[in-house]
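> Using only what follows, build the 3D model:
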Amino acid sequence: MYMLRIEHTVLNYDGWKQAFDSDPVGRKASGVRRYRVLRASDKPDHVMIDLEFDTPQQAEALLAGLRVVWGRIEGQIILAPQAQIAEIVETKEY
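From the prediction side, this is the model:
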């Protein structure tokens, strides 16, 4: 499994969440198995999103689409988006 981890600052969380929920890149159709949205406890305007995929190619394709979207909204909804694709090598739940 592969994880696309995205981090950025949001100017208004509720406005950002509405844009995220509108799903402009089609997460499910792009192969996202599950996602998780996190907010930094000490900086609630800092958002992290984990998107899980079966293949790195799916993650790369979605990231390419996100970069197009970010180009339209950076400075209006988000600031300084960063992303990284990582292979999930181990998980354990207690």
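> Glu87: what's it in contact with?
Glu87 makes contact with Met1, Tyr2, Met3, Pro56, according to CB atoms under 8 Å, 6 or more residues apart in numbering. C-beta: built from backbone N, CA, C; applies to glycine.
> So what pairs up with it in the strands?
Beta-bridge partners recorded for Glu87 (DSSP bridges): Tyr2.
> again with Ala83
Bridge pairing for Ala83 - DSSP bridges - gives Ile6.
> List the residues that contact it.
Here Ala83 is in contact with Leu4, Arg5, Ile6, Glu7, Leu63, Leu66 (CB under 8 Å, 6+ apart).
> Ala80 and Arg5: what is the separation?
The spacing between Ala80 and Arg5, counted by CB to CB, to the nearest Å, is 14 Å.
> Comparing these two, which shows the higher neighbour count?
More crowded of Ala80 and Arg5, by other CB atoms under 10 Å: Arg5, with 16 against 11.
> ok so, going back, kindly supply the ChimeraX command isolating those of the contacts of Glu87 that are buried.
Buried residues among these (16 or more other CB atoms under 10 Å), as a ChimeraX selection:
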select :2,3
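> residue ranges with poor pLDDT in this protein?
Scanning the chain for pLDDT under 70 picks out no residues.
> ok, now which ones touch Trp70?
By CB under 8 Å, 6+ apart, the neighbours of Trp70 are Ile78, Pro81.
> Tyr35: what secondary structure?
Secondary structure, DSSP: H, G, I helix; E, B strand; the rest coil: Tyr35 is strand.
> bridging residues for the nearest residue to it once chain neighbours are set aside?
Nearest non-adjacent residue to Tyr35, counting by CB to CB, 6 or more residues apart in numbering: Leu51, 4.8 Å away. Note on Leu51: beta-bridge partners by DSSP bridges are Leu4, Tyr35.
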